[in-house]
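A.B. asks: 3D model of this:
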Amino acid sequence: MGLIDELTTVFSDVVFPINKLTRRRAALRGSSLYLPGLIKAMTTEWSYKKIFSAKLAGGKRDHAACIVLDVSTSMFGL
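C.D. replies: The predicted structure is shown next:
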């Protein structure tokens, strides 16, 4: 494994981890109903409780980076 591959792995796992979930799954709480969970709850006489949907799966990276360079005279030691 080369240096570039190692740096890519470290940056993707440690520096810029997955921080945004995109896919919906069944959940106990949420703002919208999850139709497969609702059907399963009705067929089990409401013993199945996961009738809402929440974004819990399918992660992606959503980061912003800002690079600032200070070129003022105080940085030149004058």
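
A.B. asks: okay, which residue is most central for the chain?
C.D. replies: The centroid of the chain falls nearest to residue 20 when counting by CA atoms, centre = their mean (2.2 Å).

A.B. asks: Let me see the contact set for that residue.
C.D. replies: Applying CB atoms under 8 Å, 6 or more residues apart in numbering to residue 20 gives the contacts 59, 60, 61, 62. For every residue, glycine as well, the C-beta is placed using N, CA and C.

A.B. asks: On the strand side of things, show who the first one bridges to.
C.D. replies: With DSSP bridges as the criterion, residue 59 is bridged to residue 21.

A.B. asks: didn't residue 63 look like it was pressed against residue 18?
C.D. replies: No: using CB atoms under 8 Å, residue 63 is not in contact with residue 18, being 10.0 Å away.

A.B. asks: The two: which is more packed in?
C.D. replies: Under the criterion of other CB atoms under 10 Å, the comparison of residue 63 against residue 18 puts residue 18 first, with 14 against 10.
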